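>>> need the 3D shape of this:
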Amino acid sequence: MIQSSTLSLLSLLGGISALIVHSESITTTPTDPTLERRQDPPPTDVAGAPNAASIPTLTLGPEDQYAAKTPTGDKLQIYPTGLYDDFPKDGITISFGPELHVKIKDTMDNKCKGSFQDCQSALIPLLYNTDVGTVVKRFAPATYYASVLVASISWVIQRLWNKEQPQHVKFPYTDLHQMQDLGPVETIAIQQEDADPTTIAMPASPTPTPTKTEFITIETLTADSGERKAGDIVYHVPVDTANRMKDLLGILGLDIVQKSCKDQDLNKPVKSRIRADVLEECVRNIERLVDAVAEAAPRELVRVAAENIPAQPAPDQLVGLPIRHLVLNNRLVIVRIAHVDQVAEWARLVALVAVLNIVAEWAFQPQAHMENDIWIPDSALEKSLKWKDVLCPKDILCVDDECKGQKEEQDMIEWSPICQSDENRGCRCEPITWIYQTEVARDYMDTQYAWLEELLARADTPEFKPKCDGDFQESQVGVDLFST
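As a prediction, this is how the structure comes out:
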């Protein structure tokens with residue numbers, strides 16, 4: 001009976017289904033206008049799988065760019081890399097290479113069982129004898145803070161070591177400016193919030209490793225040869241010097257400069273606003289990198305052969321050096337020289353011009369193919385520069401319009417401020433300490449002294465001790481004191 005009813009019901013449903021299918025071709029199904037139409041399913045291929053073109057797609061770059069970067073060997077690196085006019089707003093991360101981390105662990109295990117000061121004395125030289133003094137030059141404000149940064153790193157390592165053995169240490173933006181504001185000091189104190197401060201002596205500068213002296217030579221071509229023409233300049237950089245320069249530039253952010261200069265050509269005319277903006281960023285990064293090299297590089301790193309150094313010119317005479325023509329905001333990108341010992345500074349200018357020319361070429365070459373023979377067309381050389389144009393003015397004030405290194409009525413936090421104006425960019429300037437004056441009423445100080453005398457008179461007043469009787473607090477001292 002149950003089976004028969006079931007079959008009858010199924011037959012009835014089948015008839016209804018057939019009736020609906022049959023009626024679709026002639027009957028319009030009513031729709032509710034308030035209902036939203038469901039999206040159609042994505043198109044599929046023959047096998048029934050969705051077509052790739054119909055799926056929202058995320059495009060990623062080469063896989064190696066997603067791996068967390070760490071320095072190699074016993075190196076120390078600061079991230080983010082690149083060149084900065086200020087500290088990064090998100091702070092910096094100091095990473096230790098695997099061999100350096102092993103040395104830190106050995107120091108912590110063998111020399112940090114006693115006092116905090118003994119541990120600091122062992123950690124600080126270890127950290128300071130890395131590339132930290134060079135790496136910090138990528139940040140424009142970091143004039144004096146390498147030693148303070150090292151002391152702070154060692155302090156953090158000691159605090160974290162029992163919880164974890166950190167391979168990275170991070171400092172926020174505010175901490176970095178605190179370090180910079182300390183200026184050149186021999187001893188600092190570090191404290192954590194309200195804890196007692198710890199006194200730390202600053203490390204001495206590490207002794208540089210002696211290297212043999214090599215000289216860069218400059219050749220002026222005398223005959224045409226392919227795309228190279230008579231009058232063009234070729235810098236011949238010795239292999240060891242080139243490798244040391246590449247190492248230093250790598251630390252200071254050469255990869256960022258090369259990325260911004262990719263697919264650009266200084267020798268081609270600018271034909272679009274977009275290319276002009278990209279090329280401006282490229283040239284600006286070149287300028288920053290050369291400034292960083294001028295601050296960080298030891299003087300013996302780049303030496304030009306004596307036969308390629310012209311005699312020092314008079315102030316109104318042409319420099320006579322092959323200088324790459326780089327223009328930024330309608331000004332020539334040049335290396336500025338302090339107005340001190342001009343004989344010594346002339347030799348330094350020769351070396352730094354070589355750095356500028358070499359960096360300006362390496363910026364457009366892949367790192368794996370950076371040539372040691374740097375060719376610069378004669379048409380790309382600046383030939384109107386005079387000696388007085390590269391000398392910084394004497395005793396220039398940071399607030400001068402020709403400097404723009406300090407705003408009116410704004411105290412400087414930099415210990416070694418520089419001009420930001422186009423005509424004197426990179427020159428040191430003298431900061432101004434402003435006198436703050438506040439006008440007060442004539443009897444203001446008399447009232448202040450009267451109030452101080454009243455405070456002294458009340459110094460012997462008995463301590464306020466409230467007495468709770470009933471619904472109110474009572475104190476005879478309070479009554480006597482505050483009812484007058």
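>>> from here on, just use CA atoms for contacts and neighbour counts.
Noted.
>>> could you pull out the helices for the stretch 151-300 of the chain?
173-181, 239-252, 254-261, 273-296 (DSSP state H, counting those that start in this stretch).
>>> which of these has the highest mean neighbour count?
Neighbour counts (mean count of other C-alpha atoms under 10 Å) averaged over each of the helices of the stretch 151-300 of the chain peak at helix 254-261, with a mean of 21.
>>> and the contacts of it?
81-83, 278-279, 281-283, 285-286, 289, 362-367 (C-alpha atoms under 8 Å, 6 or more residues apart in numbering).
>>> now that helix, how far from the chain's geometric center?
14 Å (C-alpha atoms, centre = their mean, to the nearest Å).
>>> quick check: mean pLDDT of that helix?
In this model, helix 254-261 has an average pLDDT of 87.
>>> kindly report the same for stretch 421-440.
Averaging pLDDT along stretch 421-440 gives 78.
>>> likewise stretch 287-298?
Taken as a whole, stretch 287-298 has an average pLDDT of 80.
>>> which residues are contacting that stretch?
Contact with stretch 287-298 is made by 83, 133-134, 137-138, 140, 248-249, 252-254, 257, 333, 335, 352, 355-356, 359, 426, as judged by C-alpha under 8 Å, 6+ apart.
>>> pretty sure I104 contacts L123?
Yes: between I104 and L123 there is a contact at 7.1 Å, judged by C-alpha atoms under 8 Å.
>>> which of the two has more neighbours?
L123 (25 against 21; other C-alpha atoms under 10 Å).
>>> got the confidence number for that one?
90.
>>> and for the residue nearest to L318 when sequence neighbours are not counted, the neighbour number?
What sits nearest to L318 in space, not counting adjacent residues and going by C-alpha to C-alpha, 6 or more residues apart in numbering, is K386, at 4.1 Å. Other residues near K386 come to 17 when the count uses other C-alpha under 10 Å.
>>> what of Q192?
Neighbour tally, Q192, other C-alpha under 10 Å: 8.
>>> any idea how far it is from L127?
Distance, Q192 to L127, using C-alpha to C-alpha, to the nearest Å: 21 Å.
>>> which residues in the stretch 101-250 of the chain form strands?
Applying DSSP state E, counting those that start in this stretch to the stretch 101-250 of the chain gives strands spanning 168-171, 187-190, 198-201, 217-220, 233-236.
>>> which residues does I358 contact?
Applying C-alpha under 8 Å, 6+ apart, the residues near I358 are 235, 374.
>>> that one belongs to a strand, doesn't it?
No: using DSSP: H, G, I helix; E, B strand; the rest coil, the assignment for I358 is helix, not a strand.
>>> ok, it to M245 distance?
Taken as C-alpha to C-alpha, the span from I358 to M245 is 10 Å.
>>> next: L123.
For L123, the distance to M245 (C-alpha to C-alpha) stands at 28 Å.
>>> what do you get for C119?
35 Å.
>>> go through the helices of the stretch 151-300 of the chain and name the closest to E430.
helix 173-181 (16.7 Å; C-alpha to C-alpha).
>>> with just CA atoms, put that closest one into CSV.
Extracted as CSV, the C-alpha positions of helix 173-181 are listed here (Å, rounded to 0.1, in the frame of the first residue of the first chain):
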residue,chain,number,x,y,z
TYR,A,173,61.4,56.7,14.6
THR,A,174,61.3,58.6,17.9
ASP,A,175,64.2,56.5,19.4
LEU,A,176,66.4,57.3,16.3
HIS,A,177,65.9,61.0,16.7
GLN,A,178,66.7,60.7,20.4
MET,A,179,70.0,59.1,19.5
GLN,A,180,70.8,61.8,17.0
ASP,A,181,69.8,64.6,19.3
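>>> distance from the chain centre to that helix, please.
That offset, for helix 173-181, works out to 13 Å (C-alpha atoms, centre = their mean).
>>> so this structure: which segments form each domain?
What automatic domain parsing lists as the domains of the chain is 67-201, 217-390, 394-437, 444-482.
>>> packing partners of the helix or strand containing I374?
I374 is part of strand 373-376, with elements assigned from DSSP states H and E. Judged by 3 or more C-alpha pairs under 8 Å, 6 or more residues apart in numbering; DSSP states H and E, strand 373-376 is in contact with strand 233-236.
>>> tell me what the strand it packs on is packed against?
strand 217-220, strand 373-376.
>>> partners of the residue nearest to the spatial centre of the chain in the sheet?
In the chain, the centroid-proximal residue (C-alpha atoms, centre = their mean) is Y84; its distance is 3.8 Å. Counting by DSSP bridges, Y84 forms beta bridges with F139.
>>> wait, it sits on K137?
No: contact criterion C-alpha under 8 Å: Y84 and K137 do not qualify, at 9.3 Å.
>>> measure the residue nearest to the centre of the chain to Y128 for me?
Counting by C-alpha to C-alpha, the separation of Y84 from Y128 is 22 Å.
>>> ok, D106 next?
Per C-alpha to C-alpha, D106 is found 16 Å from Y128.
>>> distance to L58 for the domains of the chain - can I get that in JSON lines?
Converted to JSON lines, those look like this (distance: least, C-alpha to C-alpha, whole Å):
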{"stretch": "domain 67-201", "distance to L58": "18"}
{"stretch": "domain 217-390", "distance to L58": "23"}
{"stretch": "domain 394-437", "distance to L58": "42"}
{"stretch": "domain 444-482", "distance to L58": "69"}
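>>> lowest confidence element among the helices and strands of this protein?
helix 2-23 (a mean of 35; mean pLDDT, DSSP states H and E).
>>> and the helix or strand just after that one, what does it pack onto?
Per DSSP H and E, the first helix or strand lying C-terminal to helix 2-23 is strand 76-79. Contacts defined by 3+ C-alpha pairs under 8 Å, 6+ apart place strand 76-79 against strand 92-96, helix 132-135.
>>> please redo it, this time with the cut-off set to 10 Å
strand 92-96, helix 98-111, helix 132-135, strand 168-171, helix 239-252 (3 or more C-alpha pairs under 10 Å, 6 or more residues apart in numbering; DSSP states H and E).
>>> thought V350 was touching W387?
No: when contacts are counted by C-alpha atoms under 10 Å, V350 is not listed as touching W387 (11.5 Å).
>>> now do the shared contacts for these two.
Shared contacts of V350 and W387, defined by C-alpha atoms under 10 Å, 6 or more residues apart in numbering, comprise 312, 319.
>>> who's more crowded, those two?
Per other C-alpha under 10 Å, whichever of V350 and W387 has more neighbours is V350, with 22 against 18.
>>> what's the helix or strand for the more buried one?
Here V350 is covered by helix 342-362, with elements defined by DSSP H and E.
>>> show me which residues of that helix are buried.
By 16 or more other C-alpha atoms under 10 Å, the buried positions in helix 342-362 come out as 345-362.
>>> please apply the same query to stretch 399-409.
Residues of stretch 399-409 classed as buried: 399-400, 402-406 (neighbour count, 16+ other C-alpha under 10 Å).
>>> and it, how far out from the chain's middle?
24 Å.
>>> likewise for stretch 399-411?
With C-alpha atoms, centre = their mean, you get 24 Å for stretch 399-411.
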